[in-house]
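Participant: Here's a sequence, model it:
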Amino acid sequence: MNKLKPKAVIFDLGSTLIEYEAKPWSEQAVTCAASVRKFLDRQGHPVPEDEEFFRIFEDIKNDFRKHAAESLTEWTVPQAAERLLGKLGIEADDGMADKLFDAYYQPVGKLIYAYDDVLDVLARIRKSADAVGLVSNTIFPERAHMKELRRFKIEPYLDFCIFSSTFGLRKPHPDIFYKAANCAGYAPAECIYIGDRYVEDFQGPSQMGMPAVLKVLPWREYPTDMPDDIPTISCLSDLDKYLDI
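Facilitator: Alright, predicted model coming up:
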């Protein structure tokens, strides 16, 4: 097959450049909630026992998740934290929701890591493409991810970053991909998108004319009716199969 030479290459973040699922999110949610409860307890606030605290917090997050799934509008952990404070009868002082997020995120930050081939692939793409960007669905504030990108020395390779927590809409909403193409300065058809989720990262960009490559992960569930002939990779280094880099 003829290799593509896109003007702009746009990446997903989680499980594409940086791995956040060293532990399943279901397990991390318990640890994160415990970290928030511990923070509030140390501040002298009366809080329920661990299991009840976790249940209340999960119920709040599930309400946000349901609305996001139906509307493709994004929610954030600080928003959920504000609602949690109200539920517990704790006054939300200025910055309290952000402090709760920092407590929530602390266990996550200890586990994340960048894939071994990320910097090499980005360096080669940087030489061949006019623009390199990132579009990520996330419930975490942008500041957390920018810190990660600096930590793993990824930021210098990126011309722009779009996070759903800031943009307000989440993939596969077409507006977030149009925004990315606009930031890149090229038509969607002149860009290519790489991510690990079929609906969000392959169908989303493909349906608005942006070619896509799906990074297939062994633990990720994919639709049983997913076409067999779509471009797939198992690691970023496999992009050589499809891109002239």
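
Participant: Output the below-cut-off pLDDT ranges for the chain.
Facilitator: For the chain, the stretches with pLDDT under 70 are 1.

Participant: for this structure, what spans make up the strands?
Facilitator: For the chain, the strands defined by DSSP state E cover 8-11, 18-19, 113-114, 131-136, 160-163, 191-195, 212-215, 232-233.

Participant: Could you say which one of these comes nearest to residue 27?
Facilitator: strand 18-19 (14.7 Å; C-beta to C-beta). (C-beta placed from N, C-alpha, C; glycine too.)

Participant: Check the offset of the closest one from the chain's centre.
Facilitator: What separates the centre of strand 18-19 from the centre of its chain is 9 Å, taken as C-alpha atoms, centre = their mean, to the nearest Å.

Participant: can you put the strands of the chain in a markdown table and add mean neighbour count and distance to residue 88?
Facilitator: Listed next are these as a markdown table, based on neighbours: other C-beta atoms under 10 Å; distance: least, C-beta to C-beta, whole Å:
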| stretch | mean neighbour count | distance to residue 88 |
| --- | --- | --- |
| strand 8-11 | 26 | 38 |
| strand 18-19 | 17 | 32 |
| strand 113-114 | 14 | 34 |
| strand 131-136 | 23 | 30 |
| strand 160-163 | 20 | 28 |
| strand 191-195 | 26 | 37 |
| strand 212-215 | 23 | 40 |
| strand 232-233 | 18 | 45 |
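
Participant: can you tell which of these is closest to residue 203?
Facilitator: strand 212-215 (8.2 Å).

Participant: could you say what helices and strands the closest one packs with?
Facilitator: Using 3 or more C-beta pairs under 8 Å, 6 or more residues apart in numbering; DSSP states H and E as the contact criterion, the elements in contact with strand 212-215 are strand 191-195, helix 204-207, strand 232-233.

Participant: how does this structure divide into domains?
Facilitator: 8-20+112-241, 25-111 (automatic domain parsing).

Participant: for this protein, which helix is longest?
Facilitator: helix 50-71 (DSSP state H).

Participant: Can you lay out the domains of the chain as a markdown table showing distance to residue 2?
Facilitator: A markdown table is the format used below for the domains of the chain (distance: least, C-beta to C-beta, whole Å):
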| stretch | distance to residue 2 |
| --- | --- |
| domain 8-20+112-241 | 12 |
| domain 25-111 | 34 |
